[in-house]
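**Student:** Provide a 3D model corresponding to the input given below.
(chains A and B)
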Amino acid sequence: EAGVAQSPRYKIIEKRQSVAFWCNPISGHATLYWYQQILGQGPKLLIQFQNNGVVDDSQLPKDRFSAERLKGVDSTLKIQPAKLEDSAVYLCASRLAYNEQFFGPGTRLTVL
Amino acid sequence: QKEVEQNSGPLSVPEGAIASLNCTYSDRGSQSFFWYRQYSGKSPELIMFIYSNGDKEDGRFTAQLNKASQYVSLLIRDSQPSDSATYLCAVFTGNQFYFGTGTSLTVIP
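**Tutor:** The predicted structure is shown next:
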């Protein structure tokens, strides 16, 4: 079974630029999560999708971050404009069975 | 605010010893509890999960849950250098996962 796919793996941008990340969950997984993990911290949930609907986006900075999951499969997370404090690893995870979630390899974003 | 607390470490143990990692959580309604291992520069990988009070064993790993004390732990027996990583405790509450900051473990050969 293929795992969660993410791209790109690394991205370096300057502040105020825009960036987009892509995630393809494990086939058949209805629930998809985007997390932000700052160095030395645990993952923090940004947004949770159930199929193509948003379940929770309470911690998503909506003035600059947006996410969508068209057709209930893959998802994109966008930051526009980026700030220095957005430097982090962005993790996508998906879940099928009760409670277990699986992470993709992550995208490491550096904002200069 | 749902909180998950872990001792950030670093925790160092000699090879072959037992490593004990601890986690406390604030929400009594939390339903299930997870331990993830994260190597430097990699994403978290699930080690094991536990739902019920008591112990759950999987190979060299044992998870222990005490809901009355709001405490969950992970024991790693016969620690190996390859166990050196950050261990994240996660709590599932109200359809969402909450993570601790992780405990850094170093197993010394």
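**Student:** got a list of what B:R60 touches?
**Tutor:** Each residue near B:R60 by Cβ atoms under 8 Å, 6 or more residues apart in numbering or on different chains is listed here: B:I76, B:R77, B:D78. From N, CA and C alone the C-beta is placed, and that goes for glycine too.
**Student:** and the closest residue to chain B within chain A, how many neighbours does it have?
**Tutor:** The nearest approach of chain A to chain B comes at A:G42, 3.3 Å away (Cβ to the nearest Cβ). The tally of other residues near A:G42 (other Cβ atoms under 10 Å in any protein chain shown) stands at 22.
**Student:** Surely it is in contact with B:F99?
**Tutor:** Yes: with contact defined as Cβ atoms under 8 Å, A:G42 and B:F99 form a contacting pair (3.3 Å).
**Student:** intersection of neighbour lists for the two?
**Tutor:** Joint contacts of A:G42 and B:F99 (Cβ under 8 Å, 6+ apart) are B:V4, B:L88, B:A90.
**Student:** Let me know the closest of these to chain A.
**Tutor:** B:L88 (5.5 Å).
**Student:** Mind telling me what element the closest one is part of?
**Tutor:** Here B:L88 sits within strand B:85-93, counting by DSSP states H and E.
**Student:** picking up where we left off before, who wins on neighbours among the shared contacts of A:G42 and B:F99?
**Tutor:** Highest neighbour count within the shared contacts of A:G42 and B:F99: B:L88, with 27 neighbours (other Cβ under 10 Å).
**Student:** in the sheet, who's paired with that residue?
**Tutor:** Beta bridges link B:L88 to B:Y36, judged by DSSP bridges.
**Student:** Please name the nearest non-neighbouring residue to the spatially most central residue of chain A.
**Tutor:** By Cα atoms, centre = their mean, the mean C-alpha position of chain A lies nearest to A:W34, the distance being 3.2 Å. Counting by Cβ to Cβ, 6 or more residues apart in numbering or on different chains, A:W34 lies nearest to A:L46, which is 4.5 Å off, once chain neighbours are set aside.
**Student:** A:E68 now?
**Tutor:** A:T76 is the one closest to A:E68 (Cβ to Cβ, 6+ apart), at 5.9 Å.
**Student:** how about the one you found, secondary structure?
**Tutor:** strand (DSSP: H, G, I helix; E, B strand; the rest coil).
**Student:** From A:R108, how far off is it?
**Tutor:** A:T76 sits at a distance of 17 Å from A:R108 (criterion: Cβ to Cβ, to the nearest Å).
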